[in-house]
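Undergrad: The sequence and its predicted three-dimensional model are supplied below.
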Amino acid sequence: MSPLSRRSFLRTSATASAGLVIGFYLPSSARADDDGAFSPNAYLTITPKGKITIVVPRTEMGQGVWTSLPMILAEELEADWKQIKIEQAGASTLFGDQTTGGSASVRTTWDPMRKAGAQAREMLISAAAQQWNVPRGSCKAESSSVHHSASGRKISYGMLATQAGKLPVPDNPPLKTGRYKLVGKPLPRLDTPSKVDGSAIYGIDFRVPEMKYAALARCEVVGGKVADFDPTAAKQMPGVSFVGKIGDSAVAVVADSTWNAIKARRALKITWDDSANKELTSAAISDGLRNADQSKAVKFYSSGDVSKAAGKKIEAEYQLPFMAHAPMEPGNCTAHFRGTECEIWAPTQVPQDCRDTIASLIGLKQEQVKVNVTLLGGGFGRRLEHDYAVEAALVSKAINAPVKVTWTREDDMRCSTYRPVSLHKLSSMLDDNGWPLAFTHRVIGPSINGQKGSQPVNGVDSDFPDEASFIYPIPNVSLESVITETPVPLGWMRSVYALQMGFASESFIDELAMEAGKDPLEYRLHLLSKDADIKYFEATWRTSRMRNVLKLAAEKAGWSKPLAAGRYRGIACFGCFSTYAAAVVEISMENNEPHVHRVVAVVDCGQVVNPSIVEQQTQGAVIYGLTNALRAQITIDKGRVVQGNFDEYQPIRMNEAPKVEAYFVSSTEPPTGVGEPPVPPLAPALCNAIYAATKTRMRSLPILT
């Protein structure tokens, strides 16, 4: 999923509803249909009645793309924001890669959506100039109208739509360079009203007439399959209409309600083939990391030569567990197989993957599978998988009727994919003043992409370039990877490898500061004191931007001011998804456990589209990061996931939530990611605060085991 390919602004022609339509894919010239309206395309529709609809190709899962993406296009269009309506795109061939993940929605659509809006604006201005028979330069677009300053005339976009549709599409329309009217403003989110009044439709809410309900029994032992099953008791339960094997690893029960399906599922008698991994334990997995063949280490980033640095050697190991995504909305999907076509309604981050996989499994062509995208009750990477959608399609085909598959919380926790375990070996050589001459970070763990069949790139998981950064210009640096294997199914989780790398490296930087007898903030600022551009794969990290983020976090947290008695704080920073982030965490210790009172989080994510959404994303990342650091872990015993619900995998509760202050550094750089970058600094900042309070270094997560 190359960001460059998603930035490509291609053209193709299409036929759909009436109006002026401009998007990523544009016809070489606009043309009118039989009704005199402009033939539409992917992203923008302006009807002759003045209705402006912007189609959102990314999935709304709480991160705000239903608002931020339309803002980008509407800015260049010079549209009246009050007239904007949004439409969620399903799986399509018109939008390029529709995956929602990697904090990529804004950063990969910034340029194309600006161009889409600008092209439409220029065509509308040209149409007005032709209609008035005036020089084009004497006209300007403003608030969904074109104005002629000399005569005081104006005409609405709706009235120009048909004529604009007859004009050629400009290849390189002029783009704004600042002085935005919408971008940078804290506009209210467009999805909020429906979520407040209850009209918003999440996947779990969706219904179709005559729909059945299904619950599936899946083997809880990793890699287990169905050996045999007795459906007799389940078939006798109220409302049950079907019991049957779905694939190799599950048995479905279909009934007239989800509750009846779940109750009947309990009556199933299934013999599982779980021999392959039935003795697997977390202890064995941890031993596998420690005993991994270190000769297989691959250096994926380096500067200088760490072997030639001489000084005081400091070493440490850090370890992280498997983690679950645990979104509040468990897996679900509605499917209707109709013989020669299949329609899906799914809360998915990957509508195209759903379409393609389902088509191949039920014997249809891709164009015969329609995937509608609903709102998501949280994703965090879990909806980058589409197992629940595949199940729904297979069950619908088996019963030849529409069906909703719903997972229980225990299903979602124990039959999922997980953020991988990892072991981190770090070392540094310090000079006489305690400054690092060399820094080595070796991460040992399984590869998500590798498990899914994607070959490593230069010996490392292909996600590392976007996530496993190092921004300190230390003379000699070596970042290394040892890829191990695990049968535990892996999946991408919010901030993925950045969470792991950030915890280990920023905790270790704190150790170096303590060894040198220096303030943790001043130690970092000294390392970042000289402006430097660090080339890292295809990215270039700038020390000046990280330095500014750290300074702002420290200033807002009052780092230079004394804390109240019994309060302690820690600081950390990290860069991922092209964004710079820092956090200061303030705690007290109560019964030998940390109580988090305040978090100050700062990001530099380039040009901010909507400040309110950046603030909300950062606040959410803080709570998510604290949950991961304090209690989140998935453990394996006898081949099964131990944790099953929120009593064993506890999120931050309302009474535990700290005061969260979110800020951003103003920037005119192109937008970068914001949903994930604030997560990695949280765990090390918290653990560094614990060290300040107790002089005990936390080298493994979660803190509260």
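TA: That came through, no problem.
Undergrad: show me where the stretch 451-600 of the chain has helices.
TA: For the stretch 451-600 of the chain, helices defined by DSSP state H, counting those that start in this stretch occupy the ranges 464-467, 496-516, 520-527, 543-557.
Undergrad: right, I mislabeled it, should have said the stretch 201-350 of the chain
TA: 232-235, 258-266, 282-290.
Undergrad: one step back: which one of the helices of the stretch 451-600 of the chain lies nearest to Val254?
TA: Val254 sits nearest to helix 496-516 of all the helices of the stretch 451-600 of the chain, at 35.9 Å, using Cβ to Cβ. Any C-beta I mention is one placed from the backbone N, CA and C, and that applies to glycine too.
Undergrad: Name the residues of the closest one that are buried.
TA: Residues of helix 496-516 classed as buried by neighbour count (16 or more other Cβ atoms under 10 Å): 496-514, 516.
Undergrad: Report the contact partners of Leu124.
TA: 20, 141, 146, 157, 160, 164 (Cβ atoms under 8 Å, 6 or more residues apart in numbering).
Undergrad: and the helices of the stretch 451-600 of the chain, which one is worst for confidence?
TA: If these are sorted by mean pLDDT, helix 464-467 sits at the bottom with a mean of 93.
Undergrad: residues in contact with that helix?
TA: The contact list for helix 464-467, computed with Cβ under 8 Å, 6+ apart, reads 102, 300, 457, 481, 495-498, 501, 536-539, 576-578.
Undergrad: out of these, who has the most neighbours?
TA: The most neighbours of any of those, using other Cβ atoms under 10 Å, belong to Ser495, which has 32 neighbours.
Undergrad: pLDDT score assigned to that residue?
TA: On the pLDDT scale, Ser495 gets 96.
Undergrad: same question, Leu44
TA: So, for Leu44, pLDDT stands at 89.
Undergrad: show me the contacts for Glu75.
TA: Contacts of Glu75 (Cβ under 8 Å, 6+ apart): 114, 117, 176, 180-183.
Undergrad: should've said Trp272
TA: 219, 221, 224-227.
Undergrad: Touching, Pro658 and Val596? I think so.
TA: Yes. At 4.3 Å, Pro658 counts as touching Val596 under the criterion of Cβ atoms under 8 Å.
Undergrad: Need the overlap of contacts for those two.
TA: Residues touching both Pro658 and Val596 by Cβ under 8 Å, 6+ apart: 586, 626.
Undergrad: the more surrounded of the two?
TA: When neighbours are counted by other Cβ under 10 Å, Pro658 and Val596 differ, and Val596 comes out ahead with 23 against 17.
Undergrad: Specify the beta-bridge partners of that one.
TA: Applying DSSP bridges to Val596 gives these bridge partners: Ile587.
Undergrad: Settle this for me: it is touching Asn655, isn't it.
TA: No. With contacts defined as Cβ under 8 Å, Val596 does not count as touching Asn655, sitting 11.8 Å away.
Undergrad: May I ask which two of the contacts of Glu75 are separated the most?
TA: Greatest spatial distance among the contacts of Glu75 (Cβ to Cβ): Arg114 and Lys181, at 13.5 Å.
Undergrad: hmm, back to that, and which of the contacts of Trp272 is nearest to Val679?
TA: The nearest member of these to Val679, counting by Cβ to Cβ, is Val221 at 31.0 Å.
Undergrad: show me the contacts for the closest one.
TA: Taking Cβ under 8 Å, 6+ apart as the test, what Val221 contacts is 272, 274, 277-278, 638-640.
Undergrad: quick one: which two of those residues are the most distant?
TA: Farthest apart among these by Cβ to Cβ are Trp272 and Lys638. That separation is 12.3 Å.
Undergrad: tell me the mean pLDDT over the longest helix seen in the chain?
TA: The residue-count maximum for a helix in the chain (DSSP state H) belongs to helix 105-132. Across helix 105-132, pLDDT averages out at 94.
Undergrad: Name the residues of it that are buried.
TA: 105-129, 131-132.
Undergrad: ok, how many other residues are close to the closest residue to Leu364 other than its chain neighbours?
TA: Residue nearest to Leu364 in three dimensions, not counting chain neighbours: Cys342, with 6.1 Å by Cβ to Cβ, 6 or more residues apart in numbering. Other residues near Cys342 number 23, with proximity taken as other Cβ under 10 Å.
Undergrad: swap in the one 3 residues further on?
TA: As a burial measure, Trp345 scores 26 neighbours (other Cβ under 10 Å).
Undergrad: Show me what it is bridged to.
TA: Bridge pairing for Trp345 - DSSP bridges - gives Thr334, Asn372.
Undergrad: any idea how far it lies from Gly101?
TA: 20 Å (Cβ to Cβ, to the nearest Å).
Undergrad: before we move on, what about Lys82?
TA: Distance, Lys82 to Gly101, by Cβ to Cβ: 31 Å.
Undergrad: Surely Ile634 and Gly644 touch.
TA: No. Applying Cβ under 8 Å, one finds Ile634 not in contact with Gly644, separated by 10.5 Å.
Undergrad: list residues touching both of these two?
TA: In contact with both Ile634 and Gly644: Met413, using Cβ under 8 Å, 6+ apart.
Undergrad: quick one: which of these two has more around it?
TA: Ile634 (22 against 17).
Undergrad: show me the contacts for that one.
TA: Neighbours of Ile634 in contact, by Cβ under 8 Å, 6+ apart: 321-324, 413, 418, 641-643, 649.
Undergrad: follow-up on the earlier one: now, which of the contacts of Val221 sits nearest Thr47?
TA: For the contacts of Val221, the nearest to Thr47 is Arg640 (55.6 Å; Cβ to Cβ).
Undergrad: quick one: contacts for the closest one?
TA: Contacts of Arg640 (Cβ under 8 Å, 6+ apart): 220-222, 414.
Undergrad: Test my guess that Phe206 contacts Trp345.
TA: Yes. Contact criterion Cβ under 8 Å: Phe206 and Trp345 qualify, at 4.7 Å.
Undergrad: residues shared between the contacts of the two?
TA: The contact sets of Phe206 and Trp345 overlap at 334, 374 (Cβ under 8 Å, 6+ apart).
Undergrad: which of the contacts of Glu75 tops the neighbour count?
TA: So for those (other Cβ under 10 Å), the most neighbours sit at Gly117, 27 neighbours.
Undergrad: and the gap between that residue and Lys397?
TA: Gly117 is 42 Å from Lys397, by Cβ to Cβ.
Undergrad: okay, which residue is most central for the protein?
TA: Closest residue to the average C-alpha location of the chain: Gly101 at 3.6 Å, with Cα atoms, centre = their mean.
Undergrad: State the distance from that residue to Val390.
TA: From Gly101 to Val390 the distance is 19 Å (Cβ to Cβ).
Undergrad: One more: Ala335?
TA: 9 Å.
Undergrad: Equivalent analysis for Ala252, please.
TA: 12 Å.
Undergrad: Quick check on Ile448: phi, psi?
TA: With angles defined as degrees, to the nearest 10, Ile448 sits at phi -60, psi -50.
Undergrad: okay, now it: neighbour count?
TA: For Ile448, the tally of surrounding residues (other Cβ under 10 Å) stands at 24.
Undergrad: who's in contact with the nearest residue to it once chain neighbours are set aside?
TA: Excluding its sequence neighbours, the residue lying closest to Ile448 (Cβ to Cβ, 6+ apart) is Leu490, at 4.5 Å. Listed by Cβ under 8 Å, 6+ apart, the contact partners of Leu490 are 417-420, 446-448, 451-452.
Undergrad: Now which of these would you call buried?
TA: 417-420, 446-448, 451.
Undergrad: In contact with Thr281, which residues?
TA: Counting by Cβ under 8 Å, 6+ apart, Thr281 touches 636-638.
Undergrad: One more pass at 6 Å, please.
TA: 636-637 (Cβ atoms under 6 Å, 6 or more residues apart in numbering).
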